[in-house]
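[1] Provided below for reference: sequence and predicted model.
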Amino acid sequence: MLTKVFKSGNSLAVRIPKELGFVNAAQDVEVERVGNTLVLRLVDNETLTDIGKIFSMFSPSFMAQGREFHAEHERNWGAQD
């Protein structure tokens with residue numbers, strides 16, 4: 001299926017035919033070049049709805065001993081490395 005590439009500001013844009021559309025107009029996609037092919041992938045917007053599922057993936061022994069604390073050191077914020 002042929003489509004058009006056009007200039008939009010300083011970028012190039014591609015018209016995606018309606019039959020091939022898979023996102024809402026406001027949804028983010030990631031673009032990657034693989035050889036002479038451009039690949040579009042949906043960007044998953046992370047939310048907290050699955051936080052329980054994420055925490056359940058940790059073993060019961062994870063951080064069972066708590067955190068290791070280190071002494072705080074005064075920082076020289078004006079120093080340049």
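    Ah, there it is.
[2] how close does Ile54 get to Asn24?
    As for Ile54, its distance to Asn24 is 25 Å (criterion: Cβ to Cβ, to the nearest Å). (C-beta placed from N, C-alpha, C; glycine too.)
[3] so the two - more neighbours on which side?
    Each of Ile54 and Asn24 has its neighbours counted (other Cβ atoms under 10 Å); Ile54 has more, 10 against 6.
[4] just the pLDDT for the more buried one.
    At Ile54, the model reports a pLDDT of 84.
[5] now do stretch 40-48, average pLDDT.
    Stretch 40-48 carries an average pLDDT of 81.
[6] which residues are in contact with it?
    Applying Cβ atoms under 8 Å, 6 or more residues apart in numbering, the contact partners of stretch 40-48 are 22-23, 27-32.
[7] now render these as TSV, adding distance to Leu42, neighbour count and pLDDT.
    Output for these, formatted as TSV (distance: Cβ to Cβ, whole Å; neighbours: other Cβ atoms under 10 Å; pLDDT from 0 to 100):
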residue	distance to Leu42	neighbour count	pLDDT
Phe22	7	9	75
Val23	6	12	68
Gln27	7	10	79
Asp28	8	10	84
Val29	6	12	86
Glu30	8	10	90
Val31	11	9	91
Glu32	13	9	94
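[8] now, which of these sits nearest Trp77?
    Minimum distance to Trp77 across those is 34.7 Å, recorded for Asp28 (Cβ to Cβ).
[9] residue contacts, the closest one?
    With Cβ under 8 Å, 6+ apart, Asp28 has these contacts: 42-43, 45.
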